[in-house]
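> The following comprises the amino acid sequence and a computationally predicted model.
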Amino acid sequence: MSQQTAGTLTTETKRSSRPGGTLYRGREGMWSWVLHRVTGVAIFFFLLVHVLDTALVRVSPEAYNAVIGTYQTPIMGLGETALVAAIVYHAFNGIRIILIDFWSNGVKYQKLMFWIVIGLWVITMLGFAPRHLMNVFGH
Amino acid sequence: MSTDTVNPSSESTVVDGVHYHQFDIVIVGAGGAGMRAAIEAGPGARTAVISKLYPTRSHTGAAQGGMAAALANVEEDSWEWHTFDTIKGGDYLVDQDAAEILAKEAIDAVIDLENMGLPFNRTPEGKIDQRRFGGHTRDHGKAPVRRACYAADRTGHMILQTLFQNCVKLGINFFNEYYVLDLVMTDVDGVPQPSGVVAIDLASGELHVFQSKAIIFATGGFGKIYKTTSNAHTLTGDGVGIIWRKGLPLEDMEFFQFHPTGLAGLGILLTEGARGEGAILRNASGERFMERYAPTIKDLAPRDIVSRCMVQEVAEGRGAGPHKDYVLLDCTHLGAEVLETKLPDITEFARTYLGVDPVYEPVPVMPTAHYAMGGIPTNVSAEVLRDNDTVVPGLYAAGECACVSVHGSNRLGTNSLLDINVFGKRAGNNAVAYVQNVDFTPLPEDPAAGVRALLDSVRDSTGTERVAVLRKELQDEMDRNAQVFRTDESLANVTQTIHSLRERYRNVAIQDKGKRFNTDLLEAIELGFLLDLAEVVVFSARNREESRGGHMRDDFPKRDDENYMKHTMAYLSGDPHSSDAADHITLDWKPVVMTRYQPMERKY
Amino acid sequence: MSTATLEATTDAAAANTTSTEPMSDDPTLRPFTVTFIIRRFDPDTGDEPKWQDFDVEMYATDRVLDALHKIKWEQDGSLTFRRSCAHGVCGSDAMRINGRNRLACKTLIKDLDISKPIYVEAIKGLPLEKDLVVDMEPFFASYREVQPFLVANSAPATPGKERIQSAAQRERFDDTTKCILCAACTSSCPVFWTDGQYFGPAAIVNAHRFIFDSRDDNAAVRLDILNDKEGVWRCRTTFNCTDACPRGIQVTKAIAEVKQAILRGKA
Amino acid sequence: MTAPVIEAPRSPARPARKGVNWEKWGWIYMRVSGVLLLVLIFGHLFVNLLTGDGVDQIDFGFVGGKLATPFWQWWDVAMLWLALIHGGNGMRTLVNDYATHRTSRRILKGAIFAAVAVLIILGTLVVFTFDPCPAGSPADLLPSFCPAS
Ligand SMILES: Cc1cc2nc3c(=O)[nH]c(=O)nc-3n(C[C@H](O)[C@H](O)[C@H](O)COP(=O)(O)OP(=O)(O)OC[C@H]3O[C@@H](n4cnc5c(N)ncnc54)[C@H](O)[C@@H]3O)c2cc1C
Ligand code: HEM
Ligand code: SF4
Ligand code: F3S
Ligand code: FES
């Protein structure tokens, strides 16, 4: 049996001979994961900033308000909508992943559940976006 | 693919660009027979398995229906009955001592596999389940018996996987995608003795010489001499061809089995297990025509008989379809449940490749070239024979490439998976015993010279012939003239064709001049073996002026025990390129071993 | 037993040889030209892989493998790919056809959109050797690593007989016994593509086949192996493996079952 | 005769893992925290962005008002910890996937860890040491319950 373990295979040397080719045409499962990953990273970086800006409440009310004021500009308003969109997708799809992992029929219905996630996402965003954008642009 | 995948226990040395290895036992072929031998040989001697394919790509994996053994798990059965069926099924050209061993050791062979992990289908009591198969009967032909042990309709797949898994467990050395091209023989006291094999590593294009004390050939069949065949593209009979070119004999090459139920036009197999489960063959008018030909066991008559009946139905205008060129396999009454659980793969084949759903429609089928009964002659110890009874020390053969002969002129379904296990195991065991007390036979000077010359001649050829063109012509002509029915005239025709193809083959050129993974070169070499073997098949067939088992001569429709109750032994005895095959092929006879059963008329 | 005449025989045989042509005279089943764009790589020059076009006459019922053969046999003999059985049971010819992993011998032309060219390239994530051929060794190394063989410590109840296993116990792992080790799954897995270190779905499938075999006693060891940095936890349930498996194995489900078994600490 | 006796496989026994199985617990953690975060974040977003005037209402007074109650203190701290560890672990997965070199892996993971740790500590301190009515600040910026107002 091979002395190599699968965990230590050195593929580095062969890298150059592993060209990519076309984009893999995955289905719901793959794209849902791509989105999940992208949204997860986006939320993470937002969160870093968000904790910092919230920490300004410890500095002084003026400092906090100055920074938080920028959240109320239209550009940030749009950005916030995107952020919420990302969180909502990530959250719903996270539940889908958890169902796949723990519910015995989850695997069977994963494609359907993806479309449900999209559906719920649309509904949630229809509920949120107009309300939020009205607040942002309403003044 | 450096494929000393599994802890290469031998260091190789490189001389003049040729790699040299030394193993006690070298097994050529990693199909069922080769790996079964390796499981015996590996723990007892330093063993290497060389295969032109990754082991799990071998065609054993395509076998579907089952493996026979008189376990009597579901109904009364005995190995004696199994012996009798095997002998009768082979139209009495079976060596009865070998058939007895096959049937007796079948039981252990199946249990071995089960204990190694093979997931057989189970009876309600949890024992190995068994199903009916063509030609297997209770009490000497009284009624069909359930004797075939099976794992859905992928028994061969499971056998191949299980054997590979156990090779992994044992840490067998595999040299995958190494193509063996020559058997090295060294003259010892004027007698040529095997001393190793020469192979090309396909990934690198480099030559490797494996010196060894014992060599086991397990290279499978050569169905690719025909066009319509259930065999893989890679079943080109290289092993049998190598033996032939060494001047060693080949036995019973005229007997090739045509399996009745290949998907019409494609040759992809639908297992006899379908009929074992109750499927019925019908002609255009829906008639269950086998009732006319074999009133007792009908659709479960042996393959040679069913195939002939099918061709005859079509020949007499009762074929189905727009061209009236096939018959129908009707599974519709079995119900979706049986099809999906017991025959899932073939159900899918029909759906995928013909767009026919067996649950609702009958499937178009026609006979397809399936199994070589003949091959490298061996005794019951799997030792290769130099003539009727002298063994070549240290040389073994097992599986479809060998002819023990347990199948005689027609193999019963499920007996081949059995054969590869029983005689593969024997080959492995006997090789281990043999290598304990002998030394390596020295290699001749530059053992790879012949192979290098062969490869260079093809690679450097500036000829104009294309491999694919020649191969297609060979396969078309073999289908036309040497298939289910043969006559002296048809065989004479195809002999002519083969000769001219051989001449053109000298002029064959390839386009890929590269070193690495040169499958263009590989196909050219394979074609050489196909041509050699087709010639022997046809020459042997022409010589046998009778009809028996898989060999049906329209001009001699009767079995002729007086003159032909004997095995054909063919030898390469002259310049293979002489225009008359008789100038370079010599035929001889070998008696059939009879123990208990006297030939009778074969009725079902 | 037969009295068929030679003519009749040859006719029948000849009819057999018209084979790959369609079985009916339906005019929609006439051959048509299909363009294949194949990603070529020649290891002897070592140049970057490049795409090459081929036009091939095909019937709707032909397979992509037939097209590759036609190209190799009639146009360019150097086109290199693996194949053997030609009907989806040996696992030789997994490749990327129109961006998805499939077996060339199981992909019918009629199931592809032939108004556009058909793209064919090697599977992804394993070292490219030549044209459509990749080095399968890393793939098999992972396979060997999960101990894909029965380890039964006890002897069968009756010596010299089979171990008893109920039909239901047998059914428990039926799905994963179908694997032909074609690597379509592993090489479709986005996680495997990243660094090639992940065990990959095929290895997990083959571990599953034994973990849930009632005769086996080594489940704990295999679960431990897969409860590893490169084991089941790397699976991100992208389902590419399940979509790609030519044997219809519910690969992601098998992986989920292995995860659950690890969490519960037993099979 | 039965199957050949086959000894223990020759594959090298894997060295026993040392310490915690990060992959397994990470995997479990992602799921548990995910469910909790769903509630916490949705609640957070709802209260902050959809009730009242939405985003416009957010200022020191609003936040200070929330953070003065233990309920929202704990809510925000839970969210902070769960989300940062969840996100940090997720980022670690990404680094494992895409960073090929040992050193770059180590640096990136170190950076993620540092960021997560610093922010968790900072955030927790802020929440618990926070004074909603800092002395000397203009009263109109402060929550309505501040004595100054
Ligand atoms: C579709 C189909 C269904 C079948 N169903 C049944 C059934 O239900 N029951 C039954 O009993 N039988 C069945 N058979 C027959 C049986 O499967 C085969 O006869 C048997 O599997 C042959 O096994 P083998 O080990 O001899 O050869 P194979 O499995 O064909 O293996 C040959 C090996 O030799 C290697 N090799 C060949 N040439 C070289 C070379 N030059 N150098 C290196 N390596 C080489 C190949 O790589 C391969 O590993 C079926 C056959 C077919 C085609
Ligand atoms: C709102 C509720 C949330 C739920 C239900 C949720 C759920 C999940 C789940 C189940 C995973 C694991 C995915 C997998 O293993 O394949 C995951 C991954 C991840 N999450 Fe969340 N999450 C949530 C919020 C967040 C937040 C707030 C962040 C950012 C800080 C975040 C960042 C990430 C990241 C970066 C990953 C890794 C993605 C990957 O590996 O592909 N998530 N999430
Ligand atoms: S699980 Fe399916 S796709 Fe993966 S190797 Fe096995 S057969 Fe191929
Ligand atoms: S494609 Fe890969 S991520 Fe998991 S579901 Fe399949 S193994
Ligand atoms: S050639 Fe065997 S699977 Fe395609």
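Received, thanks. These numbers were taken from a predicted model, which means no experiment stands behind them. Ligands and ions are numbered 1, 2, ... in the order given.

> Quick one: name the residues of the stretch 501-604 of chain B near chain C.
Counting by C-beta under 8 Å from any C-beta of the partner chain, the stretch 501-604 of chain B comes close to chain C at B:510-512, B:514-520, B:552, B:554, B:557. C-beta: built from backbone N, CA, C; applies to glycine.

> so what pLDDT did the closest residue to D:T100 other than its chain neighbours get?
In this structure, D:T100 finds its nearest non-sequential neighbour in C:D195, 6.2 Å apart by C-beta to C-beta, 6 or more residues apart in numbering or on different chains. C:D195 carries a pLDDT score of 89 in this model.

> hang on, the earlier thing: what's the PyMOL syntax to select whichever of the residues of the stretch 501-604 of chain B next to chain C are buried?
Typed into PyMOL, the line below selects the buried ones among those, using 16 or more other C-beta atoms under 10 Å in any protein chain shown:
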select buried, chain B and resi 510+512+514+516+517+518+519+520+552+554
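
> nearest to B:G205, of the residues of the stretch 501-604 of chain B next to chain C?
Nearest to B:G205 out of these is B:K515 (C-beta to C-beta; 3.5 Å).

> Excluding residues flanking it in the chain, which one is nearest that closest one?
What sits nearest to B:K515 in space, not counting adjacent residues and going by C-beta to C-beta, 6+ apart, is B:G205, at 3.5 Å.

> Can you list the low-confidence ranges for the chain?
This is for chain A. A:1-20, A:139 (pLDDT under 70).

> actually chain D
Residue ranges of chain D with pLDDT under 70: D:1-19, D:148-149.

> for ligand 4, what are the nearby residues on chain D?
By the rule C-beta under 6 Å from any ligand atom, no part of chain D lies against ligand 4.

> Show me which residues of chain D sit near ligand 2.
On the criterion C-beta under 6 Å from any ligand atom, ligand 2 has as its neighbours in chain D the residues D:30-31, D:34, D:37-38, D:41, D:83, D:86-87, D:90-91, D:93-94.

> Neighbour count, secondary structure and distance to C:A256 added to these, as a markdown table?
Putting those into a markdown table (neighbours: other C-beta atoms under 10 Å in any protein chain shown; DSSP: H, G, I helix; E, B strand; the rest coil; distance: C-beta to C-beta, whole Å) gives the following:
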| residue | neighbour count | secondary structure | distance to C:A256 |
| --- | --- | --- | --- |
| D:M30 | 21 | helix | 15 |
| D:R31 | 16 | helix | 13 |
| D:G34 | 19 | helix | 17 |
| D:L37 | 23 | helix | 22 |
| D:L38 | 18 | helix | 21 |
| D:I41 | 19 | helix | 26 |
| D:A83 | 25 | helix | 26 |
| D:H86 | 25 | helix | 21 |
| D:G87 | 23 | helix | 24 |
| D:G90 | 21 | helix | 20 |
| D:M91 | 21 | helix | 24 |
| D:T93 | 20 | helix | 18 |
| D:L94 | 16 | helix | 22 |
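
> Can you tell me which of these is closest to B:D252?
Nearest to B:D252 among those is D:T93, at 62.6 Å by C-beta to C-beta.

> and the gap between the closest one and D:G26?
Here the criterion is C-beta to C-beta, to the nearest Å. By it, D:T93 lies 8 Å from D:G26.

> for D:M79, same thing?
In this view, D:M79 and D:G26 are 19 Å apart by C-beta to C-beta.

> so which helix or strand takes in the closest residue to B:N543 other than its chain neighbours?
In space, and not counting its chain neighbours, B:N543 is closest to B:L587: 5.4 Å by C-beta to C-beta, 6+ apart. Using DSSP states H and E, B:L587 maps to strand B:585-591.

> contacts for that strand?
Outside strand B:585-591, the residues that touch it by C-beta atoms under 8 Å, 6 or more residues apart in numbering or on different chains are B:249, B:251, B:377, B:387-388, B:535-536, B:539-540, B:543, B:566-574.

> which ones are touching D:I120?
Each residue near D:I120 by C-beta under 8 Å, 6+ apart is listed here: D:80-81, D:84-85.

> How many neighbouring residues does whichever residue of chain A sits closest to chain D have?
Scanning chain A for the residue nearest chain D gives A:N135, at 3.3 Å (criterion: C-beta to the nearest C-beta). A:N135: 19 surrounding residues under other C-beta atoms under 10 Å in any protein chain shown.
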